[in-house]
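1. I'd like to go over a predicted model; first the sequence, then the structure.
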Amino acid sequence: MARRTRTLPDPSPMAPAVPDSGCEPSVEAVDTRFLRTLVGYNTRRAALSIIGVFMERMAVYDLKVVDFSVLSLVAHNPGITSRQLCATLNVLPPNLVGLIAALERRGLIERRPHPSDGRAMGVHLTPAGVDLTAQAEQTAAQLEQDATARLTAAERKTLIRLLQKVYD
């Protein structure tokens, strides 16, 4: 009986290189071609770049990313409930409770009875919270411009729209 041989296809340019010998290969230039084709990889790299700058610039306000997000949402949605904040930010209620309490202790937010739901409390900015949030949002807007300086305004809008299509 004759043996049939099968011809294997040429390896893809994206296929990992397999060393010819048992020795560890030496890498002079790191091949990131495959990773650079992944949305997750590119999104994470961009996010890390921007978040690093964000954390530096928000340190002056003593705000973390989630603190800033809560304050901004409350600024633009006075009376928003904790349930709405959790849903919007994809945060678990127990995690939000401590965050709200910390912002309240800092005098940035206050809880008031919700006008139409007797069981809920609406979250509002205090005057100090209004001032701090306005400054922090201005800082965030500038850092976004700085971090995406190599993009045109149209490219920036397109990037935001495309990213929103991934998570909305």
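-> Great, that's in hand. Numbering: from 1, shown residues only.

2. where in this protein is pLDDT low?
-> 1-23 (pLDDT under 70).

3. And the strands in it?
-> Under the criterion DSSP state E, the chain carries strands at the ranges 80-81, 109-113, 121-125.

4. which of the ones you listed is buried the deepest?
-> strand 121-125 (a mean of 20; mean count of other CB atoms under 10 Å). The way it works is simple: take the backbone N, C-alpha and C, and place the C-beta from them, glycine included.

5. Need the CA coordinates for that strand. CSV is fine.
-> The C-alpha coordinates for strand 121-125 follow below in CSV (Å, rounded to 0.1, in the frame of the first residue of the first chain):
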residue,chain,number,x,y,z
MET,A,121,-32.3,58.7,47.3
GLY,A,122,-31.1,61.0,44.6
VAL,A,123,-27.5,62.0,44.4
HIS,A,124,-26.6,65.7,44.0
LEU,A,125,-23.4,67.7,43.9
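
6. coming back round to it: how about the strands of the chain in JSON lines, adding distance to F54?
-> Output for the strands of the chain, formatted as JSON lines (distance: least, CB to CB, whole Å):
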{"stretch": "strand 80-81", "distance to F54": "22"}
{"stretch": "strand 109-113", "distance to F54": "20"}
{"stretch": "strand 121-125", "distance to F54": "20"}
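
7. between the ones you listed, which one is nearest to M55?
-> Among the strands of the chain, strand 109-113 comes nearest to M55, with 21.2 Å by CB to CB.

8. other SSEs contacting the closest one?
-> Judged by 3 or more CB pairs under 8 Å, 6 or more residues apart in numbering; DSSP states H and E, strand 109-113 is in contact with helix 65-76, helix 93-105, strand 121-125.

9. on contacts alone, who are the packing partners of the last one?
-> So that's strand 121-125. helix 65-76, strand 80-81, helix 82-89, strand 109-113.

10. next one: stretch 33-45 to chain centre, how far?
-> 15 Å (CA atoms, centre = their mean, to the nearest Å).

11. hey, C-alpha coordinates of that stretch in CSV?
-> In CSV, the C-alpha atoms belonging to stretch 33-45 read as follows (Å, rounded to 0.1, in the frame of the first residue of the first chain):
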residue,chain,number,x,y,z
ARG,A,33,1.9,41.7,14.3
PHE,A,34,-0.7,39.3,15.6
LEU,A,35,-1.4,41.3,18.8
ARG,A,36,-1.8,44.4,16.7
THR,A,37,-4.6,42.8,14.8
LEU,A,38,-6.7,42.4,18.0
VAL,A,39,-9.2,45.0,19.1
GLY,A,40,-8.7,44.1,22.7
TYR,A,41,-5.0,44.5,22.6
ASN,A,42,-5.1,47.9,20.9
THR,A,43,-7.9,49.1,23.1
ARG,A,44,-6.0,48.1,26.2
ARG,A,45,-2.8,49.7,25.0
